[in-house]
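**Student:** With the sequence up front, the predicted model follows.
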Amino acid sequence: MSPADPTNLADPAKRPVLYDLHCHVDFAASPEALARDAAALGVRALSCTVTPEGYVAARELLAEGAGVRVGLGMHPWWVADGRVDAAAAAQFEKLAPQARFIGEVGLDFAGERGREECRARQHAALERALAACCGKATGDAAGQGGRGGAGRGKRTAAASATPKVISLHAVRAAGDVLDALERSGALGQHACVLHWFSGTSDELTRAMRAGCLFSVGPRMLASKRGRAYARAIPEGRLLLETDSPARAGESWSAEAWRAQLEEALRLLAEARGADERSLAEALAATSERLLA
């Protein structure tokens, strides 16, 4: 685009609203100020949490934040090292029926988290989370109980009646996450979003056939494989993400947030050979549908 182009994305007055479908606003040094300032810059978001306790706190902090939805999370890192325990998993189950947005949940088998006991703990927690989302109570404690239990519990009408948006972490575990989604029935009931997908090409094909959506950001698009995946995924299944801030208490401005989303949009359009403005509109339509 030329500077004189009326659709120029660099013109603040003409910049489109951008949607971040996987970030961590509650990690910011000042979540409320960040959400308020970002809204003024045309940023809307799904902010994922890592523990049920964190979700409750973030929900209160961001209750007045225009355009930021908060997801109920039980992050696999926190499950693997015991920071999310049986009591936290029980809290997740209590909160899930009324939570419209779920995230971040999933599996991560990289490094030490791939040890057998860590895998078992994560599997049990994910099965329990998905069961709660689908209105099926397992009664298992986090880190206890066998795999596959999510499909055997008693259905709770309140949880099963409302479709949810579930943001999923899957590192060296995409196949296992898809297995869990299939066993729970979540694929047919909820919008399942794989964040920063890093599985194999066969797993990507399987996820696309299952109806999953995919949130992509600058770090995914920095790799050759990430760009190839971004080209392969249908436009209507794509979403933007930043996965930022990375650490609790991090200083992060609304301007930096907007710039990171704009970079993700630019890289995605470049990878797909698409017009930025048209792509932004398509991504916004999908995001609005999910966050409505």
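**Tutor:** Looks like it came in fine. Residues are numbered from 1 along each chain as shown.

**Student:** outside of the helix or strand hosting L265, which residues touch it?
**Tutor:** Element membership of L265 [criterion: DSSP states H and E] is helix 254-272. With Cβ atoms under 8 Å, 6 or more residues apart in numbering as the test, helix 254-272 has contacts from 9, 18-20, 23, 34, 37-38, 40-43, 216-218, 221-222, 227, 230-231, 235, 238, 240-242, 244, 274-276, 279-280, 283. C-beta: built from backbone N, CA, C; applies to glycine.

**Student:** Roughly how far does S167 sit from S253?
**Tutor:** According to Cβ to Cβ, to the nearest Å, S167 and S253 sit 23 Å apart.

**Student:** quick one, which of those two is more surrounded?
**Tutor:** Using other Cβ atoms under 10 Å as the criterion, S167 and S253 rank with S167 on top: 27 against 16.

**Student:** does the more buried one sit in a helix, a strand or a coil?
**Tutor:** Under DSSP: H, G, I helix; E, B strand; the rest coil, S167 falls in the strand class.

**Student:** Convert the C-alpha atoms of the helix holding L265 to PDB, please.
**Tutor:** The C-alpha coordinates for helix 254-272 follow below in PDB (Å, rounded to 0.1, in the frame of the first residue of the first chain):
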ATOM      1  CA  ALA A 254      -1.100  -0.800  25.100                       C
ATOM      2  CA  GLU A 255       1.000   0.600  22.300                       C
ATOM      3  CA  ALA A 256       3.400  -2.300  22.400                       C
ATOM      4  CA  TRP A 257       0.400  -4.700  22.400                       C
ATOM      5  CA  ARG A 258      -1.200  -3.000  19.400                       C
ATOM      6  CA  ALA A 259       2.200  -3.100  17.600                       C
ATOM      7  CA  GLN A 260       2.600  -6.800  18.300                       C
ATOM      8  CA  LEU A 261      -0.800  -7.600  16.800                       C
ATOM      9  CA  GLU A 262      -0.100  -5.400  13.800                       C
ATOM     10  CA  GLU A 263       3.200  -7.400  13.300                       C
ATOM     11  CA  ALA A 264       1.300 -10.700  13.600                       C
ATOM     12  CA  LEU A 265      -1.200  -9.400  11.000                       C
ATOM     13  CA  ARG A 266       1.600  -8.300   8.600                       C
ATOM     14  CA  LEU A 267       3.500 -11.600   8.900                       C
ATOM     15  CA  LEU A 268       0.300 -13.600   8.400                       C
ATOM     16  CA  ALA A 269      -0.700 -11.600   5.300                       C
ATOM     17  CA  GLU A 270       2.800 -11.900   3.900                       C
ATOM     18  CA  ALA A 271       2.800 -15.700   4.500                       C
ATOM     19  CA  ARG A 272      -0.600 -16.100   2.800                       C
END
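
**Student:** what is the mean pLDDT for that helix?
**Tutor:** Averaged across helix 254-272, pLDDT comes to 98.

**Student:** beta partners for the residue nearest the centre of the chain?
**Tutor:** Nearest residue to the geometric centre of the chain (Cα atoms, centre = their mean): S167, 2.9 Å. Following DSSP bridges, S167 is listed with bridge partners V193.

**Student:** From C23, how far off is it?
**Tutor:** Distance, S167 to C23, by Cβ to Cβ: 10 Å.

**Student:** now swap in S287 and tell me
**Tutor:** Distance, S287 to C23, by Cβ to Cβ: 12 Å.

**Student:** If you count surrounding residues, which of the two has more?
**Tutor:** C23 (31 against 23).

**Student:** Contact partners for the more buried one?
**Tutor:** Going by Cβ under 8 Å, 6+ apart, C23 touches A45, L46, S47, C48, E241, T242, D243, S244, P245, W257.

**Student:** cool, G42 as well?
**Tutor:** Residues in contact with G42, defined by Cβ under 8 Å, 6+ apart, are R15, P16, V17, L18, R258.

**Student:** Then the second one would be within a strand, right?
**Tutor:** No - the assignment for P16 (three-state DSSP) gives coil, which keeps it out of a strand.
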